[in-house]
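Asks: coords please:
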Amino acid sequence: MREIEVKARLIDKDGFLKTAKELGIEFGTVVSQDDATYENELPYDDPDWNIFRLRKQDGKLILTMKHKASTRSRDNHEYETSVENEAEMVKMLNRLGFTHGIRVKKQRRVAHYNGLEICMDEIDELGCFVEAEKLAEDTADVDSIQSELWDVLLKLGVHPDDRVHLGYDMLMRQYRSEAE
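Replies: Numbering: from 1, shown residues only. Have a look, this model is predicted:
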């Protein structure tokens, strides 16, 4: 399976939520997520690139591994599992050559609409974003699915100029390097 998504800065949160409600899209309660990435030395565009994320959420620890499914932005294979012991998991990742990358804290609200997941994220230091995503088979047509996802975001008042092609970890890295 692969996760295909589109992401944008959310400029008008109140208007977005009002339009979502008019379309019958109900966002759930706020969930706090505290993510730490673990990365290796390979460049992002290398076919062997992988990234791990340890997420703390609701008293649980979730390990996610992502790797590129294609050269398209926001098109990744993604695998997740629960972890009981964070310190031991970090030792394993370090032993495999993955070191701590970046920390991202966010408040997330999730909704479902026509088989898609829509996430509204308030990222500490970065602001508000919206993601629309769909799980698809490995042979899925990425362009078609991303177009479908954008159609939903357009209905919700999100402008294509606000599209973001980077993950929150990369956005945080950019933000912090510009702040120095």
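
Asks: what about the helix or strand of the chain with the lowest mean pLDDT, distance to the chain center?
Replies: Lowest by mean pLDDT, DSSP states H and E among the helices and strands of the chain is strand 75-83, with a mean of 89. Offset of strand 75-83 from its chain centre (C-alpha atoms, centre = their mean, to the nearest Å): 11 Å.

Asks: after that strand, which helix or strand is next?
Replies: For strand 75-83, the succeeding helix or strand toward the C-terminus, using DSSP states H and E, is helix 86-95.

Asks: now for that following helix, which elements pack on it?
Replies: strand 31-39, strand 51-57, strand 60-68 (3 or more C-beta pairs under 8 Å, 6 or more residues apart in numbering; DSSP states H and E). Any C-beta I mention is one placed from the backbone N, CA and C, and that applies to glycine too.

Asks: mind doing that once more with 6 Å?
Replies: Contacts defined by 3 or more C-beta pairs under 6 Å, 6 or more residues apart in numbering; DSSP states H and E place helix 86-95 against no helix or strand at all.

Asks: sort out which residues of the next helix or strand after it are buried, please.
Replies: Counting by DSSP H and E, the next helix or strand C-terminal to helix 86-95 is strand 99-113. Buried residues in strand 99-113, defined by neighbour count with 16 or more other C-beta atoms under 10 Å: Gly101, Ile102, Val104, Lys105, Lys106, Arg108, Arg109, Ala111, Tyr113.
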